[in-house]
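1. Got a sequence here, can you model it:
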Amino acid sequence: EAGREERSVSEGQREISRIFSSMGITYVEDRTRAISSRSRIKRDVYSFGDSGDTLLSADFYIPSMGLAVEVDGPSHFFVNTLKPTGKTLFRNRIHEAKGWKVVCIPYFEWEQLESEQQKVAYLSDLMGTIDHPVDPEPSQEGFSGSSE
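-> Residues are numbered from 1 along each chain as shown. Model (predicted):
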């Protein structure tokens, strides 16, 4: 995808992908949603090529729940704190404004989980806190991604 910043997949993301699959959760990885350049969002944020459109991506998207799951590594927090950066909070607000529910998995919580059972329980608890939306799949315009 021309103009798109390369994203690395962390070990935590690979683990979560594997565990979601083992739990029977249908998801899409790195779901990308186009946002119209006519929106009130600054055009230089998440810019994509010269088309005037912008993109916003989630690490995982669970269509049945209308849920974006973000795996937040150290760059999503201010140095020597557990406080999310403005960019991370902005990302979450944009997801929510587009009709997605958002849950974040901070690296410092995920790294504390030692066993597969603890990780499954963590994700199950996280998923259990989300109400299922009336319309679980927002408009598909501008979406891309592949199912696992």
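2. which ones are touching Gly73?
-> The contact partners of Gly73, taken as CB atoms under 8 Å, 6 or more residues apart in numbering, are Ser10, Gly12, Tyr107. All C-beta atoms are positioned from the backbone trio N, CA, C, and that covers glycine.
3. Next up, phi/psi of it, please.
-> Main-chain dihedrals, Gly73, degrees, to the nearest 10: phi -80, psi -170.
4. now swap in Glu29 and tell me
-> phi -90, psi 150.
5. Settle this for me: it is touching Ser17, isn't it.
-> Yes. Using CB atoms under 8 Å, Glu29 is in contact with Ser17, at 6.3 Å.
6. now the strands for the protein?
-> 28-35, 54-62, 67-72, 101-106, 143-147 (DSSP state E).
7. weakest of these in terms of mean pLDDT?
-> If you rank the strands of the chain by mean pLDDT, strand 143-147 sits at the bottom with a mean of 40.
8. now this protein, which segments are flagged as low pLDDT?
-> 1-8, 31-56, 131-148 (pLDDT under 70).
9. again, 90 this time
-> Within the chain, the ranges that satisfy pLDDT under 90 run 1-11, 27-58, 61, 63-64, 66, 97-100, 126-148.
10. can you pull out the helices in it?
-> Counting by DSSP state H, the chain has helices at residues 11-22, 86-97, 107-110, 116-128.
11. Next, format those helices as a markdown table and append distance to Asp59 and mean neighbour count.
-> Formatted as a markdown table, these follow (distance: least, CB to CB, whole Å; neighbours: other CB atoms under 10 Å):
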| stretch | distance to Asp59 | mean neighbour count |
| --- | --- | --- |
| helix 11-22 | 6 | 16 |
| helix 86-97 | 11 | 15 |
| helix 107-110 | 12 | 15 |
| helix 116-128 | 13 | 13 |
